[in-house]
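Engineer: Got a sequence here, can you model it:
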Amino acid sequence: MAEYRIDELARAAGSTVRNIRAYQDRGLLRPPRLRGRIGIYDDAHLARLRLIGRLLRRGYTLAIIKELLTAWETGRDVGDVLGVEQVFTEPWSDGVPGTVTLEELVRTFLPGRGGEAPEVARVVRRSVELGLIEPDGDRFRVPSPRLLHAGAELVAAGIPLDAVLDAAGRIRDDCDVIAGRFVDLVREQVVRRHADVCAGATGDAADLARRVRPLVKMVVDPFVARAVQTRVQALLDEQRRTGGDAPEH
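Structural biologist: Modelled structure (predicted):
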């Protein structure tokens with residue numbers, strides 16, 4: 001099991017040292033184990049922090065979150081509770097986050113324009129808004145290096161960066177709709193038929209999450225691949241009919 005000092009835990013959870021201490025004061029997060037005078041946290045603390053963060057983003061107050069966590073833990077095995085937290089809060093992608101410097105971003109996406117500070121600031125701000133990068137001290141955290149690499153390849157192929165970012169925003173919104181439909185299906189057909197999952201049967205909830213996780217790629221990937229193939233074939237057919245001219249939009 002990984003070990004973290006409080007500042008390392010804050011970075012890993014996307015939180016702050018101040019928040020961690022506040023959660024401990026409120027009883028939302030158990031105290032660390034002491035090694036001398038240094039507090040040592042572990043993966044269970046990280047899982048709990050990520051869960052708190054997700055609940056906060058959904059609009060729950062800290063008071064309500066504490067009630068929920070207490071309800072989950074009352075009369076249940078702590079290991080089961082932590083297992084549910086880890087299943088629901090660990091990333092749903094197998095991609096490993098990376099980091100990148102501002103200079104590397106400029107060199108990759110704005111070659112020859114490194115001196116245009118307003119343009120660089122605009123692109124960075126937009127990339128942060130899209131979730132492609134996250135400020136992390138004097139560097140940027142990259143949640144999905146594969147996404148950044150795909151964008152770099154498109155820019156290298158001659159597609160303007162703004163067009164790539166526009167497409168990224170639209171694709172992100174489309175994927176949110178797809179995710180919503182998938183989750184709605186599970187909620188309507190599974191969760192509501194088995195109310196004990198929502199009522200706190202932690203083993204059932206964890207099992208449900210583990211079952212759903214691989215199904216996401218199994219369902220989405222073939223549909224996306226087929227749709228892209230159909231669209232590309234339609235583009236090629238259109239080009240042949242028009243003698244190679246770009247189709248009108």
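Engineer: from here on, contacts and neighbour counts on C-alpha atoms
Structural biologist: Fine.
Engineer: Then Val220 would be within a helix, right?
Structural biologist: Yes: secondary structure of Val220 (DSSP: H, G, I helix; E, B strand; the rest coil): part of a helix.
Engineer: burial count for it?
Structural biologist: Per other Cα atoms under 10 Å, the neighbour tally for Val220 reads 14.
Engineer: Please apply the same query to the one 3 residues further on.
Structural biologist: With neighbours defined by other Cα under 10 Å, the count for Phe223 comes to 12.
Engineer: Going by neighbour count, list what's buried in stretch 141-153.
Structural biologist: By neighbour count on 16 or more other Cα atoms under 10 Å, the buried set for stretch 141-153 is 141-145, 148, 151-152.
Engineer: With stretch 165-175 instead?
Structural biologist: By 16+ other Cα under 10 Å, the buried positions in stretch 165-175 come out as 165, 168-169.
Engineer: and if you look at stretch 25-32?
Structural biologist: Going by 16+ other Cα under 10 Å, stretch 25-32 has these buried residues: 28-29, 31-32.
Engineer: Just flag the most distant two among those.
Structural biologist: Leu28 and Pro32 (12.5 Å; Cα to Cα).
Engineer: which residues are in contact with both of these two?
Structural biologist: Common neighbours of Leu28 and Pro32 are not found (criterion: Cα atoms under 8 Å, 6 or more residues apart in numbering).
Engineer: Would you state the strands of this protein in chain order?
Structural biologist: Secondary structure of the chain by DSSP state E: the strands cover 3-4, 33-35, 38-42, 98-100, 134-136, 139-142.
Engineer: What count of nearby residues applies to Arg37?
Structural biologist: By other Cα under 10 Å, the residues close to Arg37 number 7.
Engineer: And Leu46, by the same measure?
Structural biologist: Leu46 has 24 nearby residues by other Cα under 10 Å.
Engineer: what residue ranges in this structure score low on pLDDT?
Structural biologist: Within the chain, the ranges that satisfy pLDDT under 70 run 1, 71-96, 113-115, 189-210, 213, 244-249.
Engineer: which residues touch Asp25?
Structural biologist: Asp25 neighbours (Cα under 8 Å, 6+ apart): none.
Engineer: Counting neighbours, what do you get for the residue lying closest to Leu49 once chain neighbours are set aside?
Structural biologist: Excluding its sequence neighbours, the residue lying closest to Leu49 (Cα to Cα, 6 or more residues apart in numbering) is Ala13, at 6.3 Å. By other Cα under 10 Å, the residues close to Ala13 number 18.
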